[in-house]
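J.: I would like to see how this sequence folds:
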Amino acid sequence: MDSLSGRAPKQPAPQREATILAGARKVFARSSFAQADTSALAAAAGVKPAALYRYFPTKRDLYLATLRDAGPRLLAHWRDTRAAAPDPASALRAIGMAYYDHAAGRSPTMRLWFQAVGEASDPEVRAIVAETLGAAVDEVAATIAEAQAEGAFRPDLDPRAEAWRFMGIGLSMDLVHVLGFESDLDRGKVERWGDAFIESLTKEANP
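T.: Predicted structure coming up:
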């Protein structure tokens, strides 16, 4: 940040756009699209509103771009977590706990997506959210199917149906943190919740 002007140092266009999107992610995560103030969006990026409009002509353009940018970040984190796990069942549990930790840490990306669900009456927002969440379901379903192929999970289960059940748990965690019910669901409770979900997928749980 330039101490004299209060603006961020001059950056190449792609880097400046990334800075704007990172700032917008935080601002939109704190409020709805309608409540987000253009001056706050510009300040978060370290630019004047006029400079903001050179990259994104309208606040709506910036909001949609922020959602498109956030989706791949979320999926990349899930894929990295899955790749680092020793087996599919461990991967599923690790993804769930990583999601909880991000939500508990007030992750702008997580809160942004929760806010975006409330904006889904907008067809373009709905399409972006559906694409990202659909890809997340694909990741979880593929993990469950892999565990089934290895004999770790029950073969009679529908991987996509169970993937949506997994996503429902994540939505519950979002609600807990957005509405201030953290005392109802600490990390230990979430770990037990995750264990119960994994157990429900195993052959041993239903002989």
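J.: can you list the buried residues in the helix or strand of the chain with the lowest mean pLDDT?
T.: Sorting the helices and strands of the chain by mean pLDDT, DSSP states H and E puts helix 108-117 at the bottom, at a mean of 80. Of the residues in helix 108-117, 108-116 count as buried by neighbour count, 16 or more other C-beta atoms under 10 Å. Glycine gets a C-beta too; all of them are placed from N, C-alpha and C.
J.: low-confidence stretches in this structure?
T.: 1-12, 105-106, 203-207 (pLDDT under 70).
J.: and the helices in the chain?
T.: Secondary structure of the chain (DSSP state H): helices at 13-30, 38-45, 49-55, 59-84, 88-104, 108-117, 123-149, 159-178, 187-201.
J.: the longest one vs helix 159-178, what angle?
T.: Think helix 123-149. 120 degrees (axes from the mean of the first three to the mean of the last three C-alpha atoms, to 10 degrees).
J.: distance from helix 123-149 to the middle of the chain?
T.: 12 Å (C-alpha atoms, centre = their mean, to the nearest Å).
J.: pick out the residue nearest the middle of the protein.
T.: Most central in the chain under C-alpha atoms, centre = their mean is M110, positioned 3.9 Å from the mean C-alpha point.
J.: compute the distance between that residue and H177, please.
T.: 8 Å (C-beta to C-beta, to the nearest Å).
J.: now the common contact residues for the two.
T.: Residues touching both M110 and H177 by C-beta atoms under 8 Å, 6 or more residues apart in numbering: A103.
J.: circling back to that earlier point, identify the farthest-apart pair in the buried residues of helix 108-117.
T.: P108 and A116 (12.0 Å; C-beta to C-beta).
J.: picking up where we left off before, between the least confident helix or strand of the chain and helix 13-30, how many degrees?
T.: Using the same axes, to 10 degrees, helix 108-117 lies at 60 degrees relative to helix 13-30.
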